[in-house]
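In: What follows is a predicted protein model with its sequence.
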Amino acid sequence: MADTRDIELKVNGESHAASVETRTSLGDFLRHGLGLTGTHMGCEHGVCGACTVMVDGEAVRSCLMLAVQANGHEVTTVEGLADDDGTLHPLQEAFWKHHGLQCGFCTPGMLTSLAAFLRDNPDPSEREVREAISGNICRCTGYQGIVDAALDAAKTMQGN
Amino acid sequence: MKPAPFTYHDPSTPEEAVALLAQHEDAKLLAGGQSLMPMLNMRFVVPDHVIDLNNVAGLSGVTDTGEALQIGAMTRQRDLMRDDAVRARTPIIPEALENVGHFQTRNRGTIGGSLCHLDPAAELPCLMAVYDAMLTAHGPDGAREIPFAEWPLAYMIPTLGPDELLTTIRVPYWGAGHGYGFVEFARRHGDFAIIAVAALLEVENGTIRRAAISIGGADVRPIRLTEAETALVGAAANTETFKAAAEIARGIDAMSDAYVTSAYRQRLAATLTERALVKAGERANGSA
Amino acid sequence: MVVRYLGAEVQRMEDPRLLTGHGRYVDDMTMDGMLHAAFLRASQAHAKIRSIDTSRAADLPGVHRVFTHADLGEKYSHRMNQLYPAPVIEQNKTQYPLAKDEVCYVGEAVAVVVADSRAIAEDALALIDVDYETLPAVVNIMTALEDGAPLAHADTTSNLVGKMRSAFGDIDDAFAKADHVFSAGFMQHRGGCHSMETRGVIARDDPWGDGLSLWTSAQSPYLIRRALATWLDEPEERVRVVAPDVGGGFGPKAGFYPEEIVISLAARFMKRPVKWIEDRREHFMSTTTQRDQHWDLEVACTNEGKILGLRGTITHENGAYIPYGILLPNSSLTPLPGAYSIPAIDVGVNIVFTNTVPNSPVRGAGRPCGIYAVERMIQTVSRNLGIDPATVRRRNYVRPDQMPYETGATLRGGAKCIYDSGDYEALLDKVLELSDYSSFKDRQAAARKEGRFLGIGISSCIEDTGMGPYEGTTVRVESSGKVAVRTGAASQGQGHHTMIAMIVAENLGVAPEDILFESADTSKFPHGVGTIGSRVAANVGPSSFDAAKKVREKALKLAAEILEASEADLDIEDGVVRVNGAPDLSITLGELAIKLSPASALRVPAGFDPLLEATSYDGSSGSPIACGSNVAEVEVDPGTGEVRVLRYSVAHDCGVMINPMIVHGQIVGGVVHGIGNALFERMIYDDQGQPLTTNYGEYLLPLASEMPRIDVTHMETPSPLNSLGVKGAGEGGTIPAAAAIVAAIENALEEYGVEIDYYPVDPQYLTGLIDKGTVQAAE
C-alpha cells in the first residue's frame, strides 16, 4: 500500500486540499497533482534550479522537498508572479525586454529565484546577481540577458 | 528519478523522533533535505522509513550564552548567516556559508543536516573542526556530548547511534578582535570545495597568541593542522610565518579520487592555508 | 508605406507564454489513459546478456507490462536504421531498440516497464534480473586500434568504424619548400547536450484514426517520422511526429533514439498512450554526446609565417554505435583551412568504436574541433617564429578579393566548400579594437607587478551554415484576416516564431501579432529537414520571405480588380489594402481571403487559384559561410590553477541580421557553451567504461558566477546565396571559443613555457604544467 497523507496548502493564493503519496516531491505534485506545469524538473537532484518555487516567500528547490512537507504552507510558482489582470511582474517584463530567455525551460526557476533575491537585495551589483543565479543553470542564454534583466527589474521595482 | 516507497513520519518533539528511531530499523532522518533528497531521488538510499524533523519543536534557533553559540541542529543555514550573534561573534561562519550551495539550498539546508551528512569537503564540518565545537546528541537514554574531533567516524559517517538524534551544537567564542579567514577552492561558485581552509588567529602586539587551522576536502574528515598551530603560537604574524605554516599544510595526508589527485590537494592546501592565514592576520586586532 | 521589422530588435512573440509558466513541453502534456514508462539500462559497458527475468517486475501492483527485446516480437526484432549512410562506414553498427544479447555501453536500453506512474515503473526496474557475462571494454581511443585491444563488439575483429580524409593541393611540395615545419598534438574533449529539458516522448497509436502519433522533445521531427516509419515498415502518412516546446536541443536531440521506437511500440501493444520522460541520470548515460578527438598535425610555413600546408591524423571517438553516420568526423574536416588561405591540406580521420554512449554533434558539431586545430597551428607558428598571433593571422586570411574562395574541401553532400563573402581581416580589426588589444601588454605588465597573471588569446573562424536542401513555409490569410504561417522547422528556443513573423509581417503588410504560427508538426506541413548546423534562418528565412511576397502579389492583383485600381497604386498596411491617395477605397486581406474561399455555389474569381495562400521552399543555393574573430582575456591563479575569464570580445558576421537581439543571444549563449568546453565540461569514464560524471555536481556546466560579460560587435556582409543575404548564427559563438581561451591561458603563463595539449583545461592539469615550467626554469 502506498503511504499517503492528506495535505492542505495555498498555491498562488488559492487553497488546495489533496491526498499525496509521501514520496512525491513538491515539484511533481505541483506539476502533476495541481496541473501547474510552469515549474520544471531539470535535474531532480537540486543543482539546476529549474524547479525553484517560493515556500512562505523563500526560494527553494521543489525537487528537494516532499509535497507532504508543504502541508500548511504557502507556495508561489511562476504562474503566480504576474498580477491577476495579467500584468507581468517587473522581472517578467525585463526578461522579455532583455532577451533573458531562449528555450524557456530554466526561466520559471530563474524568475522565482530572482523575485525572492531582489526582495531581499533591492539594489544588487552585477556580481551579486551572478552569484544569486549561480544555482540556476541556463544552457541557452549565456546568462547575460538574464543578468541585464535582473538589474533592470531591480531599478523598476525600486522606482515603484 | 523518483524515491523508492517509504513510510513517512513527522514527529513533533525530539523524544518522539528518538522513539521512532528506536522503533524502526531502517529509518533516515530528514532535516533540510538538501543532501538526503537527491540521494532518495536517485535511489542511492532506500530507507523503509523517513522521519521528518521539520515539524519538531525546539530544534532550531541560535542562543548567545556569552561564551558560546548554542545552535539548534535544525537551524537553517540561511538563519545562521542572518543571526546577529553569529555575525558578531563568529564572523567566519557567515563568510564560509556564502560558499555553501546556493541561497535556495541554504533556505532549507540545516547545520545539523550538514554535520550528519559529513561530506568531507563541506564547509560546516570544517568550521566545527576549527572551533572544537561540542555536539549534543539525544538517544533513548538521554543526552550525551561529543567533541567534534570525535564526531567523524569514517567517510561520511558520524559517531551517532542508530537511535540518536543530533540536537545542539555549541561553538565556543574566540576573543574579541580575533582574526579569521575562510578560503576555499571550488571549480564554480557553490560547488563543494576541493580544498577548504578555516583559520582563526588571536594576535597581540604582532605576536600570535592562539591559532587554529582546519582543512576540509583533503581527507575523509576535516584535518586540524596542529603542527602548524603550535608553530604559529608565539611567532610574529607575518608573511614568513604564514608561508612556513603553509608548507606544513603541503605535507598533509590527502586522498585521491576519480577527479583530483592527492598531490593537487596538497598543493591547494598549501596555497589556501597561506591565504586563509593572511586574511586572518589582516583582520586580527593588534597585528603588526 | 512598408513597416520595417527586419533588422529591428523585436521582442519575441514566444516569451509571454514562456514567462508565465504556460509553455507546453512534452512532460506538461497528459492524455486520457496515459501510462508511464521507465527503462532498465545496461549497468556494464560491455557484456553478453545470458538471460533476463522480468517476472517479479511484472507482478508488482501498478505495473502493466514489461518488454524486453524478445517481447517486441519478430516483426520488431531488427536493428535501428542508419540515418546517414556513407560509403566510408566499414562497420555499420546500429543498436537494437532494446538490447538483444549484448550491451555495448552503460545506459543502453535493456527493458522497459510500463506502469501507472513513473515511480512505480522505477520500483519495478529494481525487480528485473539480468544475468550478464562481462566482456572486456574499450574506452581509450589512443589504444583502441592497437592489436589486442578489447573489442567494442563481440562479433568484430577491429574497432575501426572507418577512415576518411580531406586532401587537396600539393601537400608534398608544400612541405618540401617550407622554411619551417612545426608539429603539435592535442586532445579535444567536448561534452554532452545538457539541454535543461531532458528528452521525452509520448506515443499514442490509433489504428482506426490518426495512426501513430509521437510528441517528442526533438530537433528533427520529420527525420524521426521517416526513420520510425521506415523501421516499422509503414507509410510516413500514418506516422505523426510533433516537437512541441522544446527546452533546448544543441545537437543531441537531432537524432532518432531507441526510446522513440520502444515507446511507440508500447503504446501500440497496450492501446494506451505511454509517456517516457528521460531523467537527468539517463541523460548522462543515454543521450548522445561528443567527447574525445585527438589531433596530430604538422604545419609547413615560410619565415614570415605564411602557411603552405597542413597535414596529420585525427583519431575520433565514435562511441558504441553509429546512429548518426559520420557527421561529426566529417564536420571536423570541412572547416579546414579555417579563415585562412592554405593551399595544401591532407588530414585523415580514424573513427573508432568505444564502449561508451554513441556520439552525435553538439553545438557546432565537429567545427569547433576543426577550427581549434587550425587556430592551434596558427599559435604554434606564432610562438615558434616569435610573430604576434594577430600578424600571423593577417598574413594568412582569405582576402575579400579572393571571394568566392574555393578551399578545396568538400561539404557533406559532395558540394565544394566555397567561402561566399566576408572580410576576415576587418573582423579581426574590429575585435582587436573592441577588446583593447593594443593596450593589453600594458595591462598585463601592470598586473604582473601585482603578482597577477593576465593573458590574451585570439581565435578566428569560419562556419559553413545554412545547409540545404530547404525548410519550407506556407503563408495563408484566413477569413478573419489573421495569417496562418506554417513551417516544418522545429525550434528549441531560437525564436523562429518571432523571426518568421517579422519576415512575413513586413513583406505581406500585416502586424506580427496577427500571425498564427505553427511549426514542427508533421501533420501540419508536408516536410521539413531539421534544426541543425545553423541552417534555419538561411532556409526558412528565404522561404517565408518568398511565400509572403507571393501572397502579397496575389492579394494586390485581386484587390486591384475589386477596387478598380492599378496594382502599382495599392499598398498593404496592417492587413488592409488601400489605394494610394484614395483612403476610402480599401479592402482587408480577410475579405480577399473570403473571395478566394467562397461559400457553396459562389465562384473563385476568374484567373485565380483558391485560397489566399502560398508555399515556398526557397532557401540558400549553397552554404553561406559565417565568420568571426574572438578575443579572450583571462587571469590565471598559479596557486590554484584557476582560470578566470575576465573579458570576452566577439566580432561576428552572419550576413544580414533579421533580429539583432536574437542573434546577440545566440552568440553570447554559444560563447558560454564554448567556454564550458574549454574550461569545465568533462564527461569522464573509467577504464571499464563506467561513466563517473553523472550528476551536475560532477559534470560542470558553466554558471553565471564564472562567466564574463561578453561584448559583441557585428559586420553584416550579405550572403549572395539567398534572397535575404543571411547566414547562420547559432553556433558561431561556440566554434572559436576554446581556441581563444586556451591561447589566452598560454599567454598568461608564458614565463612558465606552458603549452596546452588538452581541453577542458582543468586547474589540476594546469598546475601540473606550471610546476613543470617552474622546475625547467630552475634548471
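Out: The structure has been received and is ready for your questions.
In: helix or strand right after the longest helix anywhere in chain C?
Out: Of all segments of type helix in chain C, defined using DSSP state H, the longest is helix C:536-563. Sequence-wise, the next helix or strand downstream of helix C:536-563 (DSSP states H and E) is strand C:570-573.
In: residues near the nearest residue to C:E731 once chain neighbours are set aside, how many?
Out: In space, and not counting its chain neighbours, C:E731 is closest to C:G364: 4.3 Å by C-beta to C-beta, 6 or more residues apart in numbering or on different chains. All C-beta atoms are positioned from the backbone trio N, CA, C, and that covers glycine. For C:G364, the neighbour count with other C-beta atoms under 10 Å in any protein chain shown is 33.
In: for C:A124, same thing?
Out: With other C-beta under 10 Å as criterion, C:A124 counts 26.
In: Doesn't it belong to a strand?
Out: No. Under DSSP: H, G, I helix; E, B strand; the rest coil, C:A124 sits outside any strand and is assigned helix.
In: Show the contacting residues for it.
Out: By C-beta atoms under 8 Å, 6 or more residues apart in numbering or on different chains, the contact list for C:A124 reads C:38, C:57-58, C:60, C:63, C:66, C:113, C:115.
In: Which pLDDT value goes with it?
Out: Confidence at C:A124, expressed as pLDDT, is 98.
In: The stretch 551-700 of chain C: helices as residue ranges?
Out: C:589-595, C:660-675 (DSSP state H, counting those that start in this stretch).
In: ok, now how distant is C:E716 from C:V761?
Out: The gap separating C:E716 from C:V761 is 34 Å, by C-beta to C-beta, to the nearest Å.
In: nope, C:E304 is what I was after
Out: Counting by C-beta to C-beta - C:E304 and C:V761 are separated by 30 Å.
In: neighbour count winner among these two?
Out: C:V761 (23 against 13).
In: May I ask you to confirm that the more buried one is in contact with C:A744?
Out: No. Counting by C-beta atoms under 8 Å, C:V761 stays clear of C:A744, with 10.3 Å between them.
In: ranges for the helices of chain A?
Out: Assigned by DSSP H, chain A shows helices spanning A:26-28, A:90-97, A:107-120, A:126-132, A:144-159.
In: Same list, these, but as TSV with mean pLDDT and mean neighbour count please.
Out: Compiled in TSV, the helices of chain A are given as follows (pLDDT from 0 to 100; neighbours: other C-beta atoms under 10 Å in any protein chain shown):
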stretch	mean pLDDT	mean neighbour count
helix A:26-28	98	25
helix A:90-97	98	23
helix A:107-120	98	25
helix A:126-132	98	19
helix A:144-159	97	20
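In: now for the ones you listed, which one comes closest to B:V45?
Out: Proximity to B:V45 (C-beta to C-beta) singles out helix A:26-28 among the helices of chain A, at 18.6 Å.
In: and that closest one, how far from the chain's centre?
Out: When distances are taken as C-alpha atoms, centre = their mean, to the nearest Å, helix A:26-28 is centred 12 Å away from the chain's centroid.
In: Now do it: everything it contacts.
Out: Outside helix A:26-28, the residues touching it (C-beta under 8 Å, 6+ apart) are A:39, A:41, A:44, A:51, A:53, A:55, A:61-63, A:65-67, A:69-70, A:75, B:2.
In: again with stretch A:84-91
Out: With C-beta under 8 Å, 6+ apart, stretch A:84-91 has contacts from A:81-83, A:96, A:111, A:114-115, A:118, A:149-150, A:153, A:156-157, A:160, C:16, C:19-20.
In: Just the C-alpha atoms of that stretch, please, in PDB.
Out: Extracted C-alpha coordinates of stretch A:84-91, given in PDB (Å, rounded to 0.1, in the frame of the first residue of the first chain):
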ATOM      1  CA  ASP A  84      -4.400  38.600 -11.700                       C
ATOM      2  CA  ASP A  85      -5.200  41.000 -14.500                       C
ATOM      3  CA  GLY A  86      -2.300  39.600 -16.500                       C
ATOM      4  CA  THR A  87       0.100  42.500 -15.800                       C
ATOM      5  CA  LEU A  88       3.600  40.900 -15.900                       C
ATOM      6  CA  HIS A  89       5.900  41.100 -12.900                       C
ATOM      7  CA  PRO A  90       8.700  43.600 -13.500                       C
ATOM      8  CA  LEU A  91      11.100  40.600 -13.800                       C
END
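In: now it: how far from the chain's centre is it?
Out: Distance of stretch A:84-91 from the chain centroid (C-alpha atoms, centre = their mean) equals 15 Å.
In: Ok, stretch B:58-68 next?
Out: So, by C-alpha atoms, centre = their mean, the centroid of stretch B:58-68 is 17 Å from its chain's centroid.
In: How about A:V60: which residues does it bridge to?
Out: When assigned by DSSP bridges, A:V60 has beta-bridge partners A:V53.
In: State the distance from it to C:E731.
Out: As judged by C-beta to C-beta, A:V60 and C:E731 stand 36 Å apart.
In: most neighbours, which of the contacts of helix A:26-28?
Out: Neighbour counts for these (other C-beta under 10 Å) peak at A:R61, which has 33 neighbours.
In: isn't that residue right next to A:C51, touching?
Out: Yes. A:R61 lies in contact with A:C51 (C-beta under 8 Å); the separation is 5.9 Å.
In: any low-confidence regions in chain B?
Out: B:286-288 (pLDDT under 70).
In: do the same with the stretch 1-150 of chain C
Out: C:1-2.
In: which bits of it sit near chain A?
Out: Neighbours of chain A within the stretch 1-150 of chain C, by C-beta under 8 Å from any C-beta of the partner chain: C:11-12, C:14-16, C:18-23, C:25, C:27-28, C:30, C:119.
In: And those residues, which is closest to C:A47?
Out: C:A119 (27.9 Å).
In: so which helix or strand takes in that closest one?
Out: Take DSSP H and E as the rule and C:A119 turns out to sit in helix C:118-125.
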